[in-house]
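**Student:** heads up, no residue letters with this:
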C-alpha cells in the first residue's frame with residue numbers, strides 16, 4: 001500500500017504542475033502583468049468584438065495590453081463580456097474575483113468565468129472535516145457542475161471571491177455547501193496550502209489554471225451532519241481513513257481535493 005500511495009502522490013503532484021499545452025503570452029493592464037493568453041485566443045476574440053465593448057488589445061513591450069476608457073475593473077469586465085459574446089469564456093457566474101499583479105497586490109476584479117482563459121491567478125479554500133473517531137466527511141459534486149461533475153471533494157471547497165477574506169470565504173462556503181456554521185465546529189486550524197498550475201479546458205482548451213488553495217481542518221461534533229444549501233452537492237459520505245485512501249488511489253476525488261487530503265494525511 002505504501003508504494004501505491006507514493007506512486008499515486010508523485011503522479012498527483014505532477015498533474016498539479018504542468019506547463020501550458022501551447023505557448024502563452026503575458027496579459028497586462030495599466031502597466032501591470034495580470035495573466036497570460038494564447039495567440040490563437042487573441043485572434044479568435046477578434047478586434048470587432050473588442051471594439052464593440054470599447055476595448056483594444058495591443059502588443060506592446062512584450063505583452064498584450066488591455067486598453068480602454070475607465071478603470072482596470074471596468075476594462076477587464078468589458079473584456080469578459082467580449083469573451084462571452086465571442087463564445088470564449090468559462091461558465092458565467094456573476095461573481096467577481098480579485099485580479100493581482102506580479103507582486104500580489106490587488107489592482108482590479110473580474111468575472112469568475114474569465115479567469116482561466118486569461119490565465120489570471122485565483123485563490124480557493126478547502127475544509128477537511130473529521131469526527132472524533134477519525135472518520136472524514138466528503139461530498140460528491142453535483143452532476144451539472146461545470147468542472148469535475150460527480151467527483152468527490154472535501155467537506156467544502158470553494159473560491160475566494162473579491163468580497164471575501166479567507167475567513168469569510170471559509171464561513172460562507174461552509175454554510176452554502178455543507179449547511180454548517182463555522183462557530184459550531186471545533187478545533188479549526190489552518191493546515192497549509194497547495195498550488196496548482198495546469199492547463200484548463202475552458203475557452204475550448206485555451207485556459208490555464210493558476211490557483212493557491214488554503215486548506216483548513218476541523219472536528220465536526222457528534223450529531224451535526226452536513227446538508228447542502230446551494231444545489232452544488234448531491235450527497236455526503238462519512239468514510240474511514242482507509243476508505244478515503246482507497247478512493248484517492250481510485251481517482252474518485254477532484255485533483256484539488258486529492259492534494260488537500262494528501263496534505264491532511266501528512267504525505268510528502
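**Tutor:** Sure, I can see it. The structure presented is a predicted model; accordingly, all values stated were derived computationally and were not measured. Numbers count the residues shown, from 1 in each chain.
**Student:** mean confidence for stretch 230-248?
**Tutor:** Averaged across stretch 230-248, the pLDDT comes to 97.
**Student:** Just the endpoints, please. Distance across that stretch?
**Tutor:** Using CA to CA, to the nearest Å, one end of stretch 230-248 lies 26 Å from the other.
**Student:** quick one: buried residues of it?
**Tutor:** 233, 236, 238, 239, 244, 245, 247, 248 (16 or more other CB atoms under 10 Å). Bear in mind the C-beta positions are built from the backbone N, C-alpha and C, glycine included.
**Student:** same check, this time on stretch 253-268
**Tutor:** So stretch 253-268, judged by 16+ other CB under 10 Å, has buried residues 253-265, 267.
**Student:** Surely residue 56 is in a strand?
**Tutor:** Yes - assessed by DSSP: H, G, I helix; E, B strand; the rest coil, residue 56 belongs to a strand.
**Student:** Now it: closest residue in space, sequence neighbours ignored.
**Tutor:** residue 67 (4.8 Å; CB to CB, 6 or more residues apart in numbering).
**Student:** Report the secondary structure element holding the one you found.
**Tutor:** Assigned by DSSP states H and E, residue 67 belongs to strand 63-68.
**Student:** how far out from the middle of the chain is that strand?
**Tutor:** Between the centre of strand 63-68 and the centre of its chain there are 25 Å (CA atoms, centre = their mean, to the nearest Å).
**Student:** What is it packed up against?
**Tutor:** Under the contact criterion of 3 or more CB pairs under 8 Å, 6 or more residues apart in numbering; DSSP states H and E, strand 63-68 touches strand 24-29, strand 55-60, helix 72-85.
**Student:** now those as a markdown table including mean neighbour count?
**Tutor:** Putting the helices and strands packed on strand 63-68 into a markdown table (neighbours: other CB atoms under 10 Å) gives the following:
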| stretch | mean neighbour count |
| --- | --- |
| strand 24-29 | 19 |
| strand 55-60 | 14 |
| helix 72-85 | 20 |
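**Student:** Out of the ones you listed, which is closest to residue 39?
**Tutor:** Taking CB to CB, strand 24-29 is the member of those nearest to residue 39, at 6.4 Å.
**Student:** Could I get the average pLDDT for the very next helix or strand once past the closest one?
**Tutor:** Next in sequence after strand 24-29, counting helices and strands by DSSP H and E, comes strand 32-38. For strand 32-38, mean pLDDT is 96.
**Student:** ok so, going back, export the buried residues of stretch 253-268 as a markdown table, with columns for distance to residue 99 and secondary structure.
**Tutor:** Shown next, in a markdown table, are the buried residues of stretch 253-268 (distance: CB to CB, whole Å; DSSP: H, G, I helix; E, B strand; the rest coil):
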| residue | distance to residue 99 | secondary structure |
| --- | --- | --- |
| 253 | 29 | strand |
| 254 | 24 | coil |
| 255 | 24 | helix |
| 256 | 21 | helix |
| 257 | 26 | helix |
| 258 | 28 | helix |
| 259 | 25 | helix |
| 260 | 24 | helix |
| 261 | 30 | helix |
| 262 | 30 | helix |
| 263 | 27 | helix |
| 264 | 30 | helix |
| 265 | 34 | coil |
| 267 | 33 | coil |
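**Student:** and which of those residues is nearest to residue 52?
**Tutor:** Ranked by distance to residue 52 (CB to CB), those are led by residue 256 at 36.0 Å.
**Student:** dump the residue contacts of the closest one.
**Tutor:** Listed by CB atoms under 8 Å, 6 or more residues apart in numbering, the contact set of residue 256 reads 124, 126, 153, 157, 194, 196, 211, 213.
**Student:** Most neighbours among those, which one is it?
**Tutor:** Within the contacts of residue 256, neighbour counts (other CB atoms under 10 Å) peak at residue 126, which reaches 28 neighbours.
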